[in-house]
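Engineer: Show me how the following folds:
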Amino acid sequence: MPTFYRFVSRSFRFSLCCGGLCLLLGTVPPLAAQDYQLVWADEFDADTVDQTKWSFQLGDGTDVGLPAGWGNNELEYYRAENATVADGMLTITAKQESFEGYDYTSARLRTLGKGDWTFGRMEMRAKLPVGQGIWPAFWMLPSDSPYGGWAASGEIDIMEYTGDEPNRAFGTLHYGGPWPNNVYSGNDFFLTEGTFPEAFHVFAIEWEYGAIRWYVDDSLYATQTDWYSTAGPYPAPFDVDFHIVLNLAVGGNLPGNPDESTVFPQQYMIDYVRVYQKEQAAPTVMLTSPADSAMLEPGSAVTLTADVVSEGVVRSVQFFQGDGLLGEDAEAPYELTVEGIAAGCYELIATVTDDLGQTGADTLHVTVGAECVQAPYLMRPAPLPGRIEAENFDLGGEGTGYHESDETNLTGVYRTGEGVEVDAVQDGGAGYAVAGIQAGEWLSYTVEVAEAGEYDLQLRVAAADSGAVAIAFGEATPMDTLRFAGTGGNNQWKTVGVNRLMLEAGVQTLWLTMLQSDFRINYVAVTASIPPGTPVVFDDMEHGAPEANGWIAFNGAVGGGGIGPNNADLPPMNGGSYSLQTGWGSGGTPGYVGGFGRNHPVDLSGLTYFHLWINPDSLDGAEREQTYTLEINLQDDDDGDNAIPSPNNGADDEFQYNLTVGPEGSGAEVITGQGWQWVSIPLSEFVDDNSFLTGGNGVLDAISTGNGGNGQLVYVIVTVISTSGADATFRTDYWLFDDQDVTDVSDLARTHASLQAYPNPVTREATLHFALPQRSPVSLHILNALGQVVDVLLDEASVPAGPQQKTWRPVDLPNGVYFGRLQTPQGTYVQKLLLQR
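Structural biologist: Numbers count the residues shown, from 1 in each chain. So this is what the prediction gives:
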């Protein structure tokens, strides 16, 4: 019974196997009869609900921060009086009665804080109600939500049922990211004889590390082994404590509302609820190679080998250097080889996890070279280009790997033996960040630059106020200083950076020296600078919530409406758009609700046009009668101080172009047609106004940049300003800066080798599409989130002119974010790919 339940179809039956979901109908002896032990039960033998085991959830969900109707548009008000115990039975009764503004009442109970479990067999014997709009459930929610809001921390639906199909029940998992970026997978079970309201039936799951199985009356009908959380590694989110929920809903997104055929009251009768868990000794692991206190040669390879003893199933053996994961092995013999180890002293750890989530560990120490010198965390220099987690600063301690003004580590969550404070954070996933920063402190990282050239460096930071970091490679003399404004708080993350650092090839030290206090750093990312004159494409609006992909959005003081993804009417480019709506201001004053744009520091030298797709029609496709202005602002940071662009900040500039949209009009600045339209604007027509305001509101003054410098573009902002006394809506997709006057979309394939992918997210395979103006040498690589090549589709291949496509089949790659990178003489193009299997 999920919060914000979203079903495209009420039928989601699978045959045989689909990914990690398998349909397995048939009688299978339950493991509870074999090696599970009863650890918790309520047989309902008392005369009231046992509140040492259960708590009531009352009301309509608003008390816990949900929209009324428990986030599912349910129609009932939950009361304790609707749950009774008699004759060895818990009965939850749904009644048609007026109470607190609702027409129905029912009950909802949970075991939170009184019964919380990781893994086990959860079982209920019950007889279900019947009727249109009747929705009983036996399900589980995370007790602490360590991976974030629903459904990033998961939900396990052991049994759901709708009263209009009395012979059908189903089980479902909800996981992925926080709503609306959640996903679900599940299966249903049909009785071959009788119905669920006619007799009692037993509903159960068997939940292990990396596997959940569903049963009805001891018949196994579904197994799931493949899921993910955006905030933690597999088997997250189903590797932490969950609690049981019992409830009987009336109406809602899944069953629909009751009708004249529905009879009240309806009863959900529960004979018992039981929880079983396995009893087995925790596994043990022993590192057998290398030997403890071994002396190894710098630059050599070391193979870590582990022996395991386990009464249960070994799910994984992981190898660590300190707290940093080096890798893992799921099958014996358990081993991992690390190539090119650097001089230094290292603590190596092996851990084993069994099917109950129980663990064991073993530790040894090795010395590489003659003595304990400054050494890279994880034993090898961090490869650049690539990403370095800030908490993985060099080994060597105070004065060598880092300088800390206070050697007391107050957080104690990672590298607890070091003086640097490290916090656990949620920033697009679970991880760590360097915290408690004070001016004068520094961090060092041993890196290896692949080849000499120009590179851009970005920091992922969070700060209530401004911050500043001096950046140096090789010697400690700063090459550049990165200054940034506050991000909105120490949990609000932004990417800031400096561009065009000239780096030498080879192993060297990256130094980050803190010039201000009280901010946090999540990671450092170094990428090759984009050559001047390369076309710049902004095209990830279609990937879920645009804000999660680097887009920004803001609201003004007047007007109404909102922003959000909209895919109902796809644009001609590649299948995604973003909607922005503005309202008419109070008192007849033209107003605006907000705008959105993209922080993407790039060099526009040699580029002469800005192109975009827009659709001025209303969201339902009706012909518009609205009039509004699209105010397009390009902001830069000419003086290179990385502070907020403003008229009082050195040589900063803002260039503006106003595009009028109305039902009729003429002139180059007026759009009068309907539907998707391709607009090309010469950059020479943007006016240098230096207002740094949008629609008369000072919103942009509050948006930090922390990027750019030396004449580089920092922000592209588009704002809708209503001028007709009515709401105005438009959609946009695919922004492009280039040196071509592309007045017709048919010209696009002949002038730009843009990269597109379908489907995206990717489940089994994706087709990558591009087009070339002439035969050209082409490379098409797949990169992981660290910028490392994980698959090669084309490598300097001679490809003819015209439309082309290549199929990517991700074999043995974990779920996550990847990038397709197309390199052609016309430029380099990148398409984000989300792998969800």
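
Engineer: Now the residue nearest the centre of the chain. Nearest residue, chain neighbours left out?
Structural biologist: Relative to the mean C-alpha position of the chain, the nearest C-alpha, by C-alpha atoms, centre = their mean, is the one of residue 230, at 4.3 Å. Distances taken as C-beta to C-beta, 6 or more residues apart in numbering place residue 177 nearest to residue 230, at 4.1 Å, with adjacent residues excluded. C-beta coordinates here come from the backbone N, C-alpha and C atoms, glycine included.

Engineer: The residue nearest to the centre of the chain and residue 71: what is the separation?
Structural biologist: 20 Å (C-beta to C-beta, to the nearest Å).

Engineer: go on, residue 816?
Structural biologist: Distance, residue 816 to residue 71, by C-beta to C-beta: 28 Å.

Engineer: For those two, work out which one has more neighbours and name it.
Structural biologist: residue 71 (20 against 15; other C-beta atoms under 10 Å).

Engineer: Check the secondary structure at that one for me.
Structural biologist: Recorded secondary structure, residue 71: coil (DSSP: H, G, I helix; E, B strand; the rest coil).

Engineer: how close does it sit to residue 78?
Structural biologist: Using C-beta to C-beta, residue 71 is found at 13 Å from residue 78.

Engineer: same deal with residue 323?
Structural biologist: Residue 323 is 44 Å from residue 78, by C-beta to C-beta.

Engineer: tell me the residue furthest from the middle of the protein?
Structural biologist: Largest separation from the mean C-alpha position in the chain: residue 87, at 48.2 Å (C-alpha atoms, centre = their mean).

Engineer: Can you give the strand pairings for the longest strand seen in the chain, parallel or anti for each?
Structural biologist: Ranked by residue count, the top strand of the chain under DSSP state E comes out as strand 489-503. Here strand 489-503 is paired, per DSSP bridges, with strand 453-463 (antiparallel).

Engineer: what pLDDT, on average, does the helix or strand following the strand it pairs with get?
Structural biologist: Following strand 453-463 in sequence order, the next helix or strand is strand 467-473 (DSSP states H and E). In this model, strand 467-473 has a mean pLDDT of 95.

Engineer: Would you pull up how far strand 467-473 lies from the middle of the chain?
Structural biologist: Counting by C-alpha atoms, centre = their mean, to the nearest Å, strand 467-473 is centred 29 Å from the centre of its parent chain.

Engineer: Mind listing the strands the very next helix or strand once past it pairs with, and their directions?
Structural biologist: Next helix or strand after strand 467-473 toward the C-terminus (DSSP H and E): strand 480-484. For strand 480-484, the paired strands and their directions (DSSP bridges) are strand 467-473 (antiparallel).

Engineer: Can you dump the C-alpha atoms of the strand it pairs with in CSV for me?
Structural biologist: Below are the C-alpha coordinates for strand 467-473, written out as CSV (Å, rounded to 0.1, in the frame of the first residue of the first chain):
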residue,chain,number,x,y,z
GLY,A,467,33.5,29.5,0.2
ALA,A,468,36.8,29.6,-1.5
VAL,A,469,39.4,26.9,-2.3
ALA,A,470,42.9,27.3,-3.8
ILE,A,471,43.8,24.6,-6.4
ALA,A,472,47.3,23.4,-7.1
PHE,A,473,48.8,20.5,-9.1
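
Engineer: which other residues reach it?
Structural biologist: 437, 447, 449, 457, 459, 461, 478-484, 486, 498, 501, 503-504, 508-516, 518-519, 521 (C-beta atoms under 8 Å, 6 or more residues apart in numbering).

Engineer: can we see that at 7 Å?
Structural biologist: Outside of strand 467-473, the residues within contact range by C-beta atoms under 7 Å, 6 or more residues apart in numbering are 457, 459, 461, 478-484, 498, 503, 508, 510-516, 519.

Engineer: What's the PyMOL line that selects buried ones from the residues you listed?
Structural biologist: For the buried members of the contacts of strand 467-473, the matching PyMOL selection, counting by 16 or more other C-beta atoms under 10 Å, is:
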select buried, resi 457+459+461+479+480+482+483+484+498+503+508+510+511+512+513+514+516+519
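
Engineer: how many neighbours does the closest residue to residue 68 other than its chain neighbours have?
Structural biologist: Take residue 68 and drop its neighbours on the chain: the residue closest to it by C-beta to C-beta, 6+ apart is residue 60, 4.8 Å away. Using other C-beta under 10 Å, residue 60 has 19 neighbouring residues.

Engineer: Quick check: pLDDT value at residue 60.
Structural biologist: Looking at residue 60, the pLDDT reads 96.

Engineer: Isn't it up against residue 71?
Structural biologist: No: counting by C-beta atoms under 7 Å, residue 60 sits too far from residue 71 to count as a contact (10.1 Å).

Engineer: Just the residues contacting the host helix or strand of residue 350, thanks.
Structural biologist: In this assignment (DSSP H and E), residue 350 forms part of strand 344-354. For strand 344-354, the external contacting residues (C-beta under 7 Å, 6+ apart) are 209, 283, 285, 287, 304, 306, 308, 310, 312-322, 359-368, 372-373, 375, 379, 395.

Engineer: distance of residue 407 from residue 176?
Structural biologist: Taken as C-beta to C-beta, the span from residue 407 to residue 176 is 41 Å.

Engineer: Compare neighbour counts for the two and give me the winner.
Structural biologist: Neighbour totals were compared for residue 407 and residue 176, and residue 176 leads with 25 against 10 (other C-beta under 10 Å).

Engineer: Show me the beta-bridge partners of residue 384.
Structural biologist: residue 449.

Engineer: Packing partners of the helix or strand encompassing residue 183?
Structural biologist: For residue 183, the host element (DSSP H and E) is strand 182-190. With contacts taken as 3 or more C-beta pairs under 7 Å, 6 or more residues apart in numbering; DSSP states H and E, strand 182-190 sits against strand 168-176, strand 219-224.
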